[in-house]
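Enquirer: What follows is a protein structure lacking sequence information:
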Ligand SMILES: Nc1ncnc2c1ncn2[C@@H]1O[C@H](COP(=O)(O)OP(=O)(O)OP(=O)(O)O)[C@@H](O)[C@H]1O
Ligand SMILES: [Mg+2]
């Protein structure tokens, strides 16, 4: 197996109370979680509400200071939080997709995807697709084609369906050629058909480009169908970590009801 892209060793996150779990007002959101995620894997993080999925996702890429344990993300190793230089090095290599897609509704799908180029040298020209460098436009059109939205490139995002808008957000996330895609409930607010379409396009795009994809989900169908591997959390602890083909319906029932 290839080298780990993300590693957590004894990762613990306590919210409130300055890091001490003994105070009644603190919440131990992650409790000594250890895992490795390898290049080109597709990993689903699952578990009941409040299990710590979003906290783990953010902690693994240095978006949240942790209380103890060590993280290694894309070659940068840190405890607590990354240095500014490490944070910059990590973020450069990640594409983010969130439940609330964060697109600009009154702008076209193409301009929104081109926005993923902002932050590159000369990136200010990406405020609109008409002024964007040719390379940015070409990449944006290729990414829109990958998520099957070529015909909507000129449509305003606020005239797209929720599923189409989320596919625009996925296209935007790959603009800077990330190695890693991080998605927190990318299909949560969509109907079943649109949810499957978004996940299918997301995973196909990640696989075609050899990208690592880590996503959280409440949809067990999505976790089982689209992830190679399922990492389950319960009350901040690792409940199981196994290939999705080895996860049974009973295992899932135990996770949510046991
Ligand atoms: N900013 C915060 N301040 C204090 N407590 C927090 C904060 N964010 C999360 N928590 C707590 O940490 C625990 C884990 O939350 P987290 O959001 O990681 O869970 P989750 O598995 O993503 O849940 P959901 O399925 O509802 O999205 C919960 O008990 C939550 O209340
Ligand atoms: Mg969450």
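Expert: Perfect, thanks for sending it. Fair warning: this is a prediction, and the values are worked out from it, not measured in the lab. Ligands and ions are numbered 1, 2, ... in the order given.
Enquirer: Only C-alpha atoms from now on, for both contacts and neighbour counts.
Expert: Noted.
Enquirer: Which secondary structure state is assigned to the spatially most central residue of the chain?
Expert: Nearest to the geometric centre of the chain sits residue 182, at 1.7 Å (C-alpha atoms, centre = their mean). Three-state assignment for residue 182 (DSSP: H, G, I helix; E, B strand; the rest coil): strand.
Enquirer: beta partners of it?
Expert: Bridge pairing for residue 182 (DSSP bridges) gives the partners residue 96, residue 214.
Enquirer: quick one: low-confidence parts of the stretch 151-258 of the chain?
Expert: Applying pLDDT under 70 to the stretch 151-258 of the chain flags no residue at all.
Enquirer: Near ligand 1, which residues of the chain? Just list them.
Expert: Contact residues, the chain versus ligand 1 (C-alpha under 6 Å from any ligand atom): 15, 27, 29, 48, 49, 50, 51, 52, 53, 54, 55.
Enquirer: In a markdown table: those residues, plus secondary structure, neighbour count and distance to residue 112.
Expert: Listed next are the residues of the chain next to ligand 1 as a markdown table, based on DSSP: H, G, I helix; E, B strand; the rest coil; neighbours: other C-alpha atoms under 10 Å; distance: C-alpha to C-alpha, whole Å:
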| residue | secondary structure | neighbour count | distance to residue 112 |
| --- | --- | --- | --- |
| 15 | strand | 19 | 34 |
| 27 | strand | 17 | 37 |
| 29 | strand | 21 | 34 |
| 48 | coil | 16 | 33 |
| 49 | coil | 13 | 31 |
| 50 | coil | 13 | 32 |
| 51 | coil | 20 | 33 |
| 52 | coil | 24 | 31 |
| 53 | helix | 28 | 28 |
| 54 | helix | 20 | 25 |
| 55 | helix | 20 | 27 |
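Enquirer: burial of the closest residue to residue 16 other than its chain neighbours, as a residue count?
Expert: Closest residue in space to residue 16, ignoring its immediate chain neighbours: residue 26 at 4.9 Å, by C-alpha to C-alpha, 6 or more residues apart in numbering. By the criterion of other C-alpha atoms under 10 Å, residue 26 has 15 neighbours.
Enquirer: can I assume residue 26 is in contact with residue 17?
Expert: Yes: using C-alpha atoms under 8 Å, residue 26 is in contact with residue 17, at 5.5 Å.
Enquirer: Contact partners for the single nearest residue of the stretch 51-200 of the chain relative to ligand 1?
Expert: Closest to ligand 1 within the stretch 51-200 of the chain is residue 52: 3.3 Å, counting by C-alpha to the nearest ligand atom. Taking C-alpha atoms under 8 Å, 6 or more residues apart in numbering, we find residue 52 in contact with 29, 30, 233, 234, 235, 236.
Enquirer: In strands, which of the residues you listed appear?
Expert: When DSSP state E is applied, the contacts of residue 52 are split such that 29, 30, 233, 234 fall in strands.
Enquirer: need the contact list for the second one.
Expert: When contacts are counted by C-alpha under 8 Å, 6+ apart, residue 30 is found next to 11, 12, 13, 14, 52, 55, 56, 235, 236, 237.
Enquirer: so where's the stretch 1-150 of the chain uncertain?
Expert: 1-2, 18-24, 119-124, 126.
Enquirer: where exactly do the strands run in it?
Expert: For the stretch 1-150 of the chain, applying DSSP state E, counting those that start in this stretch gives strands covering 4-15, 27-38, 42-46, 68-73, 76-79, 94-98.
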